[in-house]
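Student: build me a structure from this.
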Amino acid sequence: MRVLLSTIGSRGDVQPLVALALELRDLGQEVRMCVPPDFREWIDGLGIPVVPVGPELRATAVSRPAPSVPPAPPSPEQRRRMAEATVAAQFATVTSAAEGCDVIVAATALQLAARSVAETMGIPYVFTAYCPTVLPSSHHHPPLLAPGQPPPATADNRELWARDAERFNELFGAALNLHRAPAGLAPVGDVRSHVFTDRPWLAADPTLGPWPEPADRTVLQTGAWILPDERPLSPELEAFLTAGEPPVYFGFGSMRAPQDLARVMVESARALGHRAIVSRGWAGLSPVDDESDCLSVGEVNQQALFRRVAAVVHHGGAGTTTAAARAGAPQVVIPQIYDQHYWARRIHDLGIGAAHAPGAPTADSLTSALRHALRPNVAARTRVIAAGVRTDGARTTAQRLMTLASQRSS
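Tutor: Next up, the predicted model:
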């Protein structure tokens, strides 16, 4: 069996697919990946063929001073042209990447061409979300796309999902159908439902992010796809960890960070008598001085590090949330966009940390949230939750894909 794994997104979107790719390969299957060019070197190094799609994303995360005059949003005509270019690029790239494959697995909601390519080839297509809130349900509203956007206060969730579907159709419907027609495929009237299918998979841990409708058999929850990490921590980091009490880890992953975030992070740790580890991430965060109570790190084994810190302060990506929960580390989530608001709320509801208000924190607000997360009862609760986090999601999914392919060939 040859599988194409495709996504358009940041490290948090790509890494779960890498975990699945390695499980498939361990089971004797062939795997190819279609991901942004930022990750080609990393995945090539694992011996997995890569077809890059779209532009590099890293440059969009670099922190810059806020402009004196906010840029004007794109006009409807500009949005239409961008949508057409995105869809056209995906059709060309995914069609090439899928040649000779037996199944396509697409992750993230902007995989607009993958299902059409699968239909043309006559092979199965699976859509996967990493968070329950990505999938329509009356129990939650659609993900929030704008940084700092507050959750809707009064609108009915069904109405909000209907509006979300309209936006998909308005933005991508014409471009999608323009490329389906030459292949002899019927036009799509509901773009979002077309991408998601009527039986999506949910690669989220059932304890941390359960599907809210247990009786609903249309969503298959596999568990999170966790990439094992055996890398040692650097000698510098080991020395820092052993030189004092467990520090607080701060990181924003592949996100663009609010201005002055590094200073706010370090001040909040110092206010509570803790040392700090600041992950540079794509935004290039770094401590504001050369004091010995702070350390700047780059790419690091979070699975090993998070077991040795007092708390993890982060943006609320699904991967970081799961890694911290699995390690038993209390969390402070500072959500910015999309599913991060959901994970912040879940961390609060589970009692394993604090949900900071959306947007940019102040030293006082982050200190308050961190103080809550460092309470002994929160630490005790995190250990209980950690014991229930599953680690077999990628293997379970790989086996299901093999079954799916064998059913088609039989």
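
Student: can we go C-alpha only for contacts and neighbour counts from here?
Tutor: OK.

Student: please, where are all the helices along this protein?
Tutor: Taking DSSP state H to define them, one finds helices in the chain at 11-26, 40-45, 76-97, 114-121, 157-180, 191-196, 235-242, 261-271, 302-305, 318-327, 340-350, 363-373, 376-386, 393-409.

Student: and those: which comes nearest I334?
Tutor: Closest to I334 of these is helix 340-350 (Cα to Cα; 7.2 Å).

Student: in that closest one, what counts as buried?
Tutor: The neighbour-count check on helix 340-350 (16 or more other Cα atoms under 10 Å) flags 340-348 as buried.

Student: how about stretch 365-384?
Tutor: 366-374, 378-379, 381-383.

Student: quick check: of those residues, which lies closest to Q221?
Tutor: Among the buried residues of stretch 365-384, and counting by Cα to Cα, the member closest to Q221 is T382, at 22.5 Å.

Student: quick one: contacts for the closest one?
Tutor: 325, 328-330, 351-352 (Cα atoms under 8 Å, 6 or more residues apart in numbering).

Student: go through the helices of the chain and pick out the most buried.
Tutor: helix 318-327 (a mean of 23; mean count of other Cα atoms under 10 Å).

Student: what sits up against that one?
Tutor: 12, 16, 130-131, 204-205, 208, 224, 226, 302-303, 306-307, 312, 314, 330-331, 339-340, 343, 352, 382, 385-387, 389.

Student: low-confidence ranges in the stretch 251-400 of the chain?
Tutor: When residues are selected by pLDDT under 70, those of the stretch 251-400 of the chain lie in 254-255.

Student: if we go to 90?
Tutor: Applying pLDDT under 90 to the stretch 251-400 of the chain picks out residues 252-264, 279-292, 298-299, 336-338, 357-361.

Student: turn the buried residues of stretch 365-384 into TSV, columns for distance to A239.
Tutor: Shown next, in TSV, are the buried residues of stretch 365-384 (distance: Cα to Cα, whole Å):
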residue	distance to A239
L366	27
T367	26
S368	29
A369	28
L370	24
R371	26
H372	28
A373	25
L374	23
V378	27
A379	24
R381	29
T382	26
R383	25
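
Student: out of those, which is nearest to P246?
Tutor: Ranked by distance to P246 (Cα to Cα), the buried residues of stretch 365-384 are led by L374 at 11.4 Å.

Student: next one: that closest one from P247, what distance?
Tutor: In this structure, L374 and P247 are 11 Å apart, going by Cα to Cα, to the nearest Å.

Student: show me which of the contacts of T382 are buried.
Tutor: Counted by 16+ other Cα under 10 Å, the contacts of T382 give 325, 328-330, 351-352 as buried.

Student: in strands, which of those residues fall?
Tutor: Taking DSSP state E, every one of the buried ones among the contacts of T382 sits outside strands.

Student: quick check, nearest of these to N169?
Tutor: The shortest gap between N169 and any of the buried ones among the contacts of T382 belongs to A325, at 36.8 Å (Cα to Cα).

Student: let me see the contact set for D364.
Tutor: S268.

Student: now do it against A106, distance only.
Tutor: D364 is 41 Å from A106, by Cα to Cα.

Student: and R158, by the same measure?
Tutor: 25 Å.

Student: ok, now L112?
Tutor: Taking Cα to Cα, one finds L112 at 9 Å from A106.

Student: what of A325?
Tutor: For A325, the distance to A106 - Cα to Cα - is 26 Å.

Student: likewise E213?
Tutor: With Cα to Cα as the criterion, E213 and A106 are 23 Å apart.

Student: care to break the protein down by domain?
Tutor: 2-226+391-409, 235-386 (automatic domain parsing).

Student: check contacts around A387.
Tutor: R326.

Student: swap that for P335, please
Tutor: 148, 315-316, 341, 344, 356-359.

Student: closest to V3 among those?
Tutor: Nearest to V3 among those, with distances taken as Cα to Cα, is G316, at 29.4 Å.

Student: doesn't R345 make contact with the closest one?
Tutor: No - look at G316 against R345 with Cα atoms under 8 Å: they stay out of range, at 9.8 Å.

Student: and the nearest residue to R263 once chain neighbours are set aside, how far from Y338?
Tutor: Spatial nearest neighbour of R263, excluding adjacent residues (Cα to Cα, 6 or more residues apart in numbering): V288 at 5.7 Å. Taking Cα to Cα as the measure, V288 and Y338 are separated by 29 Å.

Student: these two: which has the busier surroundings?
Tutor: Between V288 and Y338, counted using other Cα atoms under 10 Å, the more crowded position is Y338 (20 against 14).

Student: ok, now how distant is that one from A318?
Tutor: Counting by Cα to Cα - Y338 and A318 are separated by 11 Å.

Student: and what of I352?
Tutor: Counting by Cα to Cα, the gap from I352 to A318 is 15 Å.

Student: please apply the same query to E23.
Tutor: E23 is 20 Å from A318, where distance means Cα to Cα.

Student: do W42 as well
Tutor: 20 Å.

Student: equivalent analysis for L237, please.
Tutor: 25 Å.

Student: coming back round to it: list the residues that contact the residue nearest to R263.
Tutor: V288 makes contacts with 262-263, 266, as judged by Cα under 8 Å, 6+ apart.

Student: now these as CSV including distance to R256?
Tutor: Below are these laid out as CSV (distance: Cα to Cα, whole Å):
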residue, distance to R256
A262, 12
R263, 15
V266, 18
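
Student: just the closest of the residues you listed to A98, please.
Tutor: Nearest to A98 among those is A262, at 42.0 Å by Cα to Cα.

Student: who's in contact with the closest one?
Tutor: Applying Cα under 8 Å, 6+ apart, the residues near A262 are 278, 285-288.

Student: closest one to M33 out of those residues, please.
Tutor: M33 has its nearest neighbour among these in L285, at 29.6 Å by Cα to Cα.
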